[in-house]
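> Build me a model from this:
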Amino acid sequence: MNIDRFVMAFAGAMVLLSLALAQVHSVYWLWFTAFVGVNVLQSAFTGFCPLATILKKTGMKPGQAFK
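The predicted structure follows:
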């Protein structure tokens, strides 16, 4: 798995997790969903993703989106 796929899978998992937590715990978990969405949107325009930077330092092979 490369960095691009891991970042997208992680973002999707965080969105689903926060939606589930909003259903069973508190509606305020939707703020976390919004945070993840904003981060994905800004990385689409800037090419900067904090998770991708961390994964690159750990030695995971890069994909095409985050270099």
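> Closest to the centroid, which residue in the protein?
Against the mean C-alpha coordinate of the chain, by CA atoms, centre = their mean, the closest residue is residue 11 at 3.0 Å.
> Do I have it right that that residue meets residue 36?
Yes. At 5.6 Å, residue 11 and residue 36 qualify as touching, with contact defined as CB atoms under 8 Å. The C-beta positions use only the backbone N, C-alpha and C, and glycine is treated the same way.
> remind me which residues of this structure are low pLDDT?
Along the chain, the model assigns pLDDT under 70 to residues 66-67.
> Repeat the analysis, applying 80 as the threshold.
Applying pLDDT under 80 to the chain flags residues 63-67.
> Contacts for the longest helix along the chain, please.
Longest helix of the chain, by residue count under DSSP state H: helix 3-24. For helix 3-24, contacts defined as CB atoms under 8 Å, 6 or more residues apart in numbering pick out 1, 28-30, 32-33, 36-37, 39-40, 43, 49, 51-52, 55-56, 60-66.
> Please repeat the previous calculation with a cut-off of 10 Å.
Identification of contacts with helix 3-24 by CB atoms under 10 Å, 6 or more residues apart in numbering yields 1, 25, 27-37, 39-40, 43, 49-56, 58, 60-67.
> Drop anything exposed from these.
For those, a neighbour count by 16 or more other CB atoms under 10 Å gives the buried set as 29, 32-33, 36, 39-40, 43, 49, 51-52, 55, 60, 63, 65-66.
> Double-check residue 2 against residue 62; I have them as touching.
Yes. With contacts counted by CB atoms under 10 Å, residue 2 reaches residue 62, the gap being 6.3 Å.
> how about the buried ones among the contacts of helix 3-24, which pair is most distant?
The most widely separated members of the buried ones among the contacts of helix 3-24, counting by CB to CB, are 29 and 63 (29.3 Å).
> Now residue 49: phi and psi?
Per-residue torsions, residue 49: phi -140, psi 120 (degrees, to the nearest 10).
> And the residue nearest to it when sequence neighbours are not counted, how far from residue 33?
Nearest non-adjacent residue to residue 49, counting by CB to CB, 6 or more residues apart in numbering: residue 43, 4.2 Å away. According to CB to CB, to the nearest Å, residue 43 and residue 33 sit 16 Å apart.
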